[in-house]
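*Asks:* generate coordinates for the sequence data below:
(one chain, ligands or ions: 1)
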Amino acid sequence: MSLSYVTPSPSSPWSTYLSQVERVVPYLGPLARWAETLRRPKRALIVDVPIEMDDGRVCHFEGYRVQHNMSRGPGKGGVRYHPDVTLEEVMALSAWMSIKNAAVNLPYGGAKGGIRVNPQELSQKELEKLTRRYTSEIGIIIGPQQDIPAPDVNTNAQIMAWMMDTYSMNVGATATGVVTGKPIHLGGSLGRVKATGRGVFVTGREAARRIELKLDGARVAVQGFGNVGSSAAELFAQAGAKIVAAQDHTGTIFNPNGLDLAELMPVVRAEGGVGGYKNAERIDNEAFWDIDCDILIPAALEGQITAERARRTKARLVLEGANGPTLPEADDMLADRGILVVPDVICNAGGVTVSYFEWVQDFSSFFWTEDEINLRLDKIMVGALKKIWDTADRHHITLRTATFAVACERILMAREERGLYP
Ligand code: GLU
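*Replies:* All right, here's what the predicted structure looks like:
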């Protein structure tokens, strides 16, 4: 255990985030005096989550909710269930939410939660108990005006329904606005499930135009074929691109002529991954990074693009569907090689943007059509990306540092205007 919880362990997501902050400080002007705010989460809660298993044993899981910054509004960010979840990881994810929410100008701070658990090993009943107990434990810091969780890795609309119900039962009133990503008939929003993938597509479409890469016929490799990766792949395929490779925890599949998604998706849903799909060549996982492709979409977990893999990739454009997929040394390597990276903090912001729409709809109890949602999402993403691109061009910096510059200026301006109290 390090001396302080903000001291990063080497090559952890938190150390990646801190080095991204260092790169933006020179562009913050007088606001730089507040920069330490960015290096310290406002609040981090660690909770014990005991549940009685189906066989009568009592098991304890470790849960977290970190509120990185709330200067611009309530905390906002997902909850992830994964065996590798740590406090340090959740800290990084919460910080990236602060940057992301400010980059698209949503009236939110940044937060994130997680439980160290392998949900595949739990029954549905155990999963429900875990979710309800965790929600009760973090209930002291979440709320529709305090901090609003949402789905992330291995969590979904059903889990959000249990969270909403538990919170509501505990406060004695139905509070749909306490979580987003809920089922539609419980105050969820149309378009939310596919929103993150749609945002990846929209930012990718804009970036491709800038580098004069035609989507029609472009070859796309996707790592992570969950909600984000598969939704983005479908939209790219609709635009005429060929999905030449897909990788997830069940393996890597490759077809230079493009995978047939209509055939692949039911297999992924039924078997929990791409590995069971037969009509494609099965290749070694590491060979994924050498594939001939124009667009690479990392949509799995953090730290996947190492400097070594960045040196090997043939892609011209990297679209970060995942949070924190690229290590800082890899970022430099990609920049040196002239490969354009649309960073996570703008690329995957479509999910939280439609979460914001959901929250607004819940408060007004007036629901929008899917077309309205997709149009508004497109407009917000295009506008945010344009401002980031202008900043990048002005300072000759990468899109990542430019996104941090736009976002940190908003966060620290709010910090300064509000002042320190007490
Ligand atoms: N988990 C998603 C993300 O990383 C969405 C968070 C939200 O909708 O609050 O951006």
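*Asks:* what pLDDT is listed against whatever residue of the stretch 251-400 of the chain ends up closest to the ligand?
*Replies:* Closest to the ligand within the stretch 251-400 of the chain is Ser355: 3.2 Å, counting by CB to the nearest ligand atom. (Each C-beta comes from the backbone N, C-alpha and C, glycine too.) Listed pLDDT for Ser355 reads 98.
*Asks:* so it touches Gly181, yeah?
*Replies:* Yes. At 6.4 Å, Ser355 counts as touching Gly181 under the criterion of CB atoms under 8 Å.
*Asks:* any common contacting residues for the two?
*Replies:* Counting by CB atoms under 8 Å, 6 or more residues apart in numbering, the residues touching both Ser355 and Gly181 are Ala150, Arg192.
*Asks:* make sure the residue of the stretch 251-400 of the chain closest to the ligand is indeed in a helix.
*Replies:* Yes. According to DSSP: H, G, I helix; E, B strand; the rest coil, Ser355 belongs to a helix.
*Asks:* which residues are in contact with it?
*Replies:* Lys76, Ile148, Ala150, Thr180, Gly181, Ser189, Arg192, Ala195.
*Asks:* with secondary structure and neighbour count as added columns, please give these in TSV.
*Replies:* Compiled in TSV, these are given as follows (DSSP: H, G, I helix; E, B strand; the rest coil; neighbours: other CB atoms under 10 Å):
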residue	secondary structure	neighbour count
Lys76	strand	29
Ile148	strand	26
Ala150	coil	26
Thr180	coil	28
Gly181	coil	29
Ser189	coil	24
Arg192	helix	25
Ala195	helix	29
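*Asks:* which pair of those residues spans the longest distance?
*Replies:* Ile148 and Ala195 (15.2 Å; CB to CB).
*Asks:* of the contacts of Ser355, which is the nearest to the ligand?
*Replies:* Ala150 (3.3 Å).
*Asks:* quick check, Ile159 in a helix?
*Replies:* Yes. According to three-state DSSP, Ile159 belongs to a helix.
*Asks:* relative to Gly113, how far out is it?
*Replies:* 11 Å (CB to CB, to the nearest Å).
*Asks:* of the two, give the one with the bigger neighbour count.
*Replies:* Gly113 (32 against 25; other CB atoms under 10 Å).
*Asks:* can you give me phi and psi for the more buried one?
*Replies:* Gly113 adopts backbone torsions of phi -140, psi 170, taken as degrees, to the nearest 10.
*Asks:* quick check: it touching Glu62?
*Replies:* No. If you go by CB under 8 Å, Gly113 and Glu62 don't touch, sitting 11.7 Å apart.
*Asks:* thinking again about what came up before, what residues do Ile159 and Gly113 have in common as contacts?
*Replies:* Contacts common to Ile159 and Gly113, judged by CB under 8 Å, 6+ apart, are Val79.
*Asks:* count of neighbours near Val85?
*Replies:* The burial count for Val85: 24, using other CB under 10 Å.
*Asks:* so Ala322 touches Cys347, yeah?
*Replies:* No. Counting by CB under 8 Å, Ala322 stays clear of Cys347, with 9.2 Å between them.
*Asks:* these two: who's more crowded?
*Replies:* A count of neighbours by other CB under 10 Å puts Cys347 above the other of Ala322 and Cys347, at 35 against 27.
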